[in-house]
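Peer 1: Sequence and predicted model, in that order:
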Amino acid sequence: VQIVESGGGMVQPGGSLRLSCAASGFIFSIYEMGWVRQAPGKGPEWVISIDTEGNDRYYLSSVKGRFTISRDNAQNTLSLHMNNLRPEDTALYYCARIEGYAGEIPEYEYRGQGTQVTVSS
């Protein structure tokens, strides 16, 4: 399993970023996927997930209406469009393969190395 994220960077509050994830080594189309983030000094936090058909499955309440997840099963890629970014969105963002759910919360075994998102004026 290989998962590689890209697209992070620094942006001012209110700005936008698009993260991408390229997956290989497994049958991408049969797995739900999602994005997890970890801010300095904090534990990992699920942000948003998508089912195999491209429907939102889980999202953090604070990103509703601002973040959009999408996938391309033909290209084995996952994207995260982030709008109206806030300083509290600053974190290392990981693309993850979902193995199941603990209640409403996704669980993962494989993730990428992450891409840094910094929101600051």
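Peer 2: On my side now, so go ahead.

Peer 1: What about L78, how many residues nearby?
Peer 2: Residues lying near L78 (other C-beta atoms under 10 Å) number 27. In short, each C-beta sits where N, CA and C put it, glycine included.

Peer 1: I'd assumed Y31 was in contact with it.
Peer 2: No - using C-beta atoms under 8 Å, L78 makes no contact with Y31, being 10.1 Å away.

Peer 1: Please point out which parts of the helix or strand of the chain with the lowest mean pLDDT sit buried.
Peer 2: Every helix and strand in the chain was compared by mean pLDDT, DSSP states H and E; the lowest is strand 56-59, with a mean of 86. For strand 56-59, a neighbour-count test (16 or more other C-beta atoms under 10 Å) marks R57, Y58, Y59 as buried.

Peer 1: What strands line up against it, and which way round?
Peer 2: strand 45-50 (antiparallel) (DSSP bridges).

Peer 1: quick one: contacts for the closest residue to S62 other than its chain neighbours?
Peer 2: What sits nearest to S62 in space, not counting adjacent residues and going by C-beta to C-beta, 6 or more residues apart in numbering, is E88, at 7.5 Å. The contact partners of E88, taken as C-beta atoms under 8 Å, 6 or more residues apart in numbering, are A39, S62, V119.

Peer 1: what about E88, distance to P13?
Peer 2: Applying C-beta to C-beta, to the nearest Å, the value for E88 to P13 is 10 Å.

Peer 1: okay, and the common contacts of these two?
Peer 2: V119.

Peer 1: So for stretch 108-116, what gets flagged as buried?
Peer 2: Y108, Y110, R111, G112, G114, T115.
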